[in-house]
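Asks: model this:
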Amino acid sequence: MHRTQILIDDKQYAFLKKKSEQEKKSISQILREMLDSYTKKSDIYSLSLLAGIFEDEESDGRDHDKWIYGKK
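Replies: Below is the predicted model of the structure:
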């Protein structure tokens, strides 16, 4: 984990403080959960970003039965 410092306005702090008390979690935990939710919605950690990063001249995905089942 990394430690960071941010500046937020009074309304944002009040929101986080209230949510923290309601959920019995730290403000840091609330912020981490909010960031996790945002990154999922933003597709930042999407598997589609990995598409094409590995290439194999022997296999291109169309002959997957050959590699999985040994069929030609």
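Asks: can you give me the helices in this protein?
Replies: Ranges of helices within the chain are 10-23, 27-42, 64-69, based on DSSP state H.
Asks: which one of the ones you listed lies closest to residue 4?
Replies: Evaluated over the helices of the chain, closeness to residue 4 peaks at helix 27-42, with 9.8 Å, by Cβ to Cβ. Bear in mind the C-beta positions are built from the backbone N, C-alpha and C, glycine included.
Asks: count of neighbours near residue 16?
Replies: Burial of residue 16 is recorded as 17 neighbouring residues (other Cβ atoms under 10 Å).
Asks: how far away is it from residue 26?
Replies: 10 Å (Cβ to Cβ, to the nearest Å).
Asks: what of residue 62?
Replies: 50 Å.
Asks: what about the two, which has more around it?
Replies: It is residue 26, of residue 62 and residue 26, that has more neighbours when counted by other Cβ under 10 Å, with 11 against 7.
Asks: quick one, what contacts the nearest residue to that one once chain neighbours are set aside?
Replies: Spatial nearest neighbour of residue 26, excluding adjacent residues (Cβ to Cβ, 6 or more residues apart in numbering): residue 20 at 6.3 Å. Shown in contact with residue 20 (Cβ atoms under 8 Å, 6 or more residues apart in numbering): 26, 27, 29, 30.
Asks: just the buried ones from the residues you listed?
Replies: residue 30 (16 or more other Cβ atoms under 10 Å).
Asks: could the contacts of residue 20 go into JSON lines alongside pLDDT?
Replies: Shown next, in JSON lines, are the contacts of residue 20 (pLDDT from 0 to 100):
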{"residue": "26", "pLDDT": "96"}
{"residue": "27", "pLDDT": "96"}
{"residue": "29", "pLDDT": "96"}
{"residue": "30", "pLDDT": "96"}
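Asks: just put the contacts of residue 20 in a markdown table and tack on distance to residue 2.
Replies: Shown next, in a markdown table, are the contacts of residue 20 (distance: Cβ to Cβ, whole Å):
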| residue | distance to residue 2 |
| --- | --- |
| 26 | 16 |
| 27 | 16 |
| 29 | 15 |
| 30 | 17 |
